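Chemist: Okay, predicted coordinates and the sequence, questions at the end:
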Protein chains: 2
Amino acid sequence: MTEPRAPRSLSDCSLALHTDEYELTMAQSFFHHGQTGAVSFEVTVRSLPESRGYLVAAGLEQVLAYLLSLHFEPEQLDFLRSLGVDRDDFLAHLAGLRFSGDVDAVPEGTPVGAGVPLLRITAPRLEATVVESALLALLNHQTMIASKASRIVEAARGRPVWDFSLRRLHGPEAALGVARAAYIAGCAGTATVAAGERLGIPTTGTMAHHFVQAFGEAYEQAAFEQFLRDYPGRAVLLVDTYDTLRGVDRAIAASRATGVPLAGVRLDSGDLAALAREARARLDAAGLAQARILASGDLDEYRIEALVGGADPAPLDSFGVGTMLGTSADAPSIGGVYKLVAQTQGEEMVPTMKMSSAKVTDPGAHQVFRVDDGLVIALHDEECGGEPLLRPVMRGGRVVFDVPSLDTIRACTRERVAALPRDVRAVDSPQQLRVERSPGLRALRDRLMAEGAHRAGVAAP
Amino acid sequence: MTEPRAPRSLSDCSLALHTDEYELTMAQSFFHHGQTGAVSFEVTVRSLPESRGYLVAAGLEQVLAYLLSLHFEPEQLDFLRSLGVDRDDFLAHLAGLRFSGDVDAVPEGTPVGAGVPLLRITAPRLEATVVESALLALLNHQTMIASKASRIVEAARGRPVWDFSLRRLHGPEAALGVARAAYIAGCAGTATVAAGERLGIPTTGTMAHHFVQAFGEAYEQAAFEQFLRDYPGRAVLLVDTYDTLRGVDRAIAASRATGVPLAGVRLDSGDLAALAREARARLDAAGLAQARILASGDLDEYRIEALVGGADPAPLDSFGVGTMLGTSADAPSIGGVYKLVAQTQGEEMVPTMKMSSAKVTDPGAHQVFRVDDGLVIALHDEECGGEPLLRPVMRGGRVVFDVPSLDTIRACTRERVAALPRDVRAVDSPQQLRVERSPGLRALRDRLMAEGAHRAGVAAP
């Protein structure tokens, strides 16, 4: 029997202090007053951005890696002291703290809708408190990017889409998460080399304008010849440094002069559809039918759909997508929250909810069932039919499922997205994935609303 | 004489492979063909997002830290071999590579406009190539966040603004860059504890809804009493878990019951202006005039301006700003590019430019001068009057200026932003900061455009 794969972190630093200060002040207060019973928090996205019909859950593996490695270094505890989180007994407790809780989660790559729990943590209140901020940042980021990437991949209709976003990301450290989420959602790979080294994601590259500028306009063909000779069989030549179609002609001439077959050309500006048609004609006329045409330059699902979504698609073979993918530009946040759903009272876990004006939460621990054309949120012990999506992934601080490979996740994702209703997958004005509440959940919600102010919490004096 | 401060990285991992694959294939080709002369690249933002009148340059310190630490580990070189970047002489060269070039840059915190060079690297072509992607990600990220934060700080009109964004960021690793850029731009600090520990940025915290939920609605006052006793003098109580104004009353009662003065209350939902007015009245009536009111909940410069920008501002004392700040939601990318501006030909550096349809670049190495109501981009050796902004920060791979403290940068930033024309600083429909080209630059651009195709590059055969 082989050892199960350990979840991989994307970070080399201790993330224990990547938390909001109030998590630690609250944790100290809970500890000091013995409010240490088990609680359950669930992560949900309350409402979807208008331009999203579904979200693709991602980031679970990094959440598990984070929980497994959680610990406080002595110098971090010293720093907390300087913030006034300074009770000796609490700091001693933090010094020995390891995450000991349970986690249930939907598999990475699962399409979800508004209000659906992506993950539940059940742990001593202190532990569940200190992990909130980093856990949300991990899930929010990768889920946002996977959701955007899934739409772009859909729009490309089978043509490979590559992540070209590194230079426009939230610092270079964000690149691994973006490349990973994009790959899960169906991208062919990334230009970010570290994602290849660290995560085994396929990488690619073309050439930059400054390579051609090194030779000058009159010697564009010489630049192409050098690159073809240096990278036979794989060189994709960037043809728009000066005049795009003249660049195509020079790429053809360079291939002839060197005898090296042209893998492809890249169009990075201008009227991509018209240029692609003319480039295709010239490549074909030159006997270079095998040469592919890659398009890039502020592309997203809307522009790709306009290029290849109609009856007469532009002859583009693949896409490099940067800024719009890496920042999820049309929906640059998704608003995942971490809400208390149940807490120990005496011997049992009792459901809890937040009832402030606009933000009523679903009480209790949940299960999510996939049914014909949508999802049903139910109570965790309610039987609803359909496939249950929340599965045990950690028990007592130990991983209890086979962490799937990225390729496995990727294959499942495409299959599950393909099974979504067509109008949910639409690029323009998608319908939102249908999410219903089960009878049991609705009854619990109504009951708690009615009890209202009369209910005491578990830490009540 | 004290040792100058070393630039700080925000990352603990080797970022050498946080680069686009083509940087390495191009670098290998340059190396193999002896195309190793010095070149100059400049980083500019071609056009500003419509909602920005100016950008605040940020991220230079991390660029310098990145360049100082740049090196390839043996296992990284092995990985490159697997990508077909596999010439022994090139990999041996990479193994010993350290950045040896020069950097000129505008000081962090400088307001800039469209097309203005933020930074110039002059280095052997191979070195200047491999650093592009990470360098751009560092500058693009922090400049984007500092620019957004500057607008939010302006809208708050002197009231402290705190970064509450960690949970909505591009992974937890993005939090240090966000907290740093926000602080430079005038934020009071951050809730992210690691930014306090690693960068010395002031941190803050309030309380979460789940702290109150732990007690239950009937015992909200007990929750407040516990937190007041545990954090006397600093507890800011979150009052909207159930009913906001009842929460305010209970905060007042908790302060009375404990005898602990109330530092403040936090409003996180609802009609913030109306709730603030009523909360202020109740606090004042209770003799708690010293208690501050902090607002949060999807705030940005537009909402803050609506709250406190008019003749009758809501009585809000400070703001916690999360998602909209940390993702620069209305302008989630700024598009900084890295363009070749000059390259060695024989004994001298000659200017170069890109002339493809939409994207003509400014040729030559530049200087930027601050004049009365805008900026002038000139040739680097042209005298234009005004204050020159690009300054030497690295020579021969060594830092040659005093890396300023964050507090120094922050103070200069507020002063420089305050000196901008009022319509450039407007929250709604700002005018863009005026940027002109000098006579020398315009003449060079015209000359090179006219010469056009006749110019050879330096790598011409």
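Modeler: Structure received.

Chemist: Please identify the buried residues of stretch A:323-336?
Modeler: Residues of stretch A:323-336 classed as buried: A:323-336 (neighbour count, 16 or more other CB atoms under 10 Å in any protein chain shown). Placement of C-beta: from N, CA and C, glycine included.

Chemist: for it, what is the average pLDDT?
Modeler: The pLDDT scores in stretch A:323-336 average 97.

Chemist: can you count the residues close to residue A:303?
Modeler: 18 (other CB atoms under 10 Å in any protein chain shown).

Chemist: Is it within a helix or a strand, and which one?
Modeler: Here residue A:303 sits within helix A:301-308, counting by DSSP states H and E.

Chemist: Residues touching the next helix or strand after that helix, excluding its own?
Modeler: Following helix A:301-308 in sequence order, the next helix or strand is strand A:318-321 (DSSP H and E). Around strand A:318-321, the neighbours that count as contacts under CB atoms under 8 Å, 6 or more residues apart in numbering or on different chains are A:152, A:156, A:159-165, A:187-188, A:191, A:206, A:266, A:292-296, A:299-300, A:304.

Chemist: Tell me where the stretch 351-461 of chain A has strands.
Modeler: A:366-371, A:374-379, A:387-388, A:391-395, A:398-399, A:434-437 (DSSP state E, counting those that start in this stretch).

Chemist: The fourth one packs against which elements?
Modeler: The elements that strand A:391-395 packs onto, with contact taken as 3 or more CB pairs under 8 Å, 6 or more residues apart in numbering or on different chains; DSSP states H and E, are helix A:60-69, strand A:102-105.

Chemist: So the residue positioned nearest the centre of chain A versus residue B:435, what's the distance?
Modeler: The residue lying closest to the centre of chain A (CA atoms, centre = their mean) is residue A:142, at 2.1 Å. The gap separating residue A:142 from residue B:435 is 38 Å, by CB to CB, to the nearest Å.

Chemist: My guess is the residue nearest to the centre of chain A contacts residue A:62. True?
Modeler: Yes. Using CB atoms under 8 Å, residue A:142 is in contact with residue A:62, at 7.1 Å.

Chemist: and residue A:432, how many residues sit next to it?
Modeler: So residue A:432, with other CB under 10 Å, has 17 neighbours.

Chemist: who touches it in this structure?
Modeler: So residue A:432 contacts A:48, A:52-54, A:113-114, A:424 (CB under 8 Å, 6+ apart).

Chemist: Filter those residues down to just the ones in helices.
Modeler: The helices, defined by DSSP state H, take in residue A:424 from the contacts of residue A:432.

Chemist: what about stretch A:202-212, distance to the chain center?
Modeler: Centroid separation for stretch A:202-212 versus its chain: 25 Å, with CA atoms, centre = their mean, to the nearest Å.

Chemist: Let's see it as CSV, backbone CA atoms only.
Modeler: Provided in CSV are the C-alpha atoms of stretch A:202-212 (Å, rounded to 0.1, in the frame of the first residue of the first chain):
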residue,chain,number,x,y,z
PRO,A,202,2.5,22.0,-17.9
THR,A,203,4.3,25.1,-18.9
THR,A,204,4.7,27.0,-22.2
GLY,A,205,6.3,30.0,-23.7
THR,A,206,6.5,32.0,-26.9
MET,A,207,8.7,35.0,-27.3
ALA,A,208,8.6,38.7,-26.3
HIS,A,209,8.7,41.8,-28.4
HIS,A,210,12.1,42.8,-27.0
PHE,A,211,13.6,39.7,-28.6
VAL,A,212,12.6,41.0,-32.0
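
Chemist: what's across from residue A:320 in the sheet?
Modeler: Note on residue A:320: beta-bridge partners residue A:162, judged by DSSP bridges.

Chemist: Give me the distance between it and residue A:8.
Modeler: 26 Å.

Chemist: And residue A:446, by the same measure?
Modeler: 44 Å.

Chemist: Mind checking which of the two has more residues around it?
Modeler: residue A:8 (15 against 10).

Chemist: Now do the same contact list for the spatially closest residue to that one that is not a sequence neighbour.
Modeler: Nearest residue to residue A:8, sequence neighbours excluded (CB to CB, 6 or more residues apart in numbering or on different chains): residue A:65, at 5.8 Å. Contacts for residue A:65 (CB under 8 Å, 6+ apart) come out as A:6-9.

Chemist: Out of these, which comes closest to chain B?
Modeler: residue A:9 (10.3 Å; CB to the nearest CB).

Chemist: give the contact list for that closest one.
Modeler: By CB under 8 Å, 6+ apart, the contact list for residue A:9 reads A:62, A:65-66, A:69.

Chemist: Could you dump those into JSON lines with pLDDT added?
Modeler: Below are those laid out as JSON lines (pLDDT from 0 to 100):
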{"residue": "A:62", "pLDDT": "97"}
{"residue": "A:65", "pLDDT": "97"}
{"residue": "A:66", "pLDDT": "97"}
{"residue": "A:69", "pLDDT": "95"}
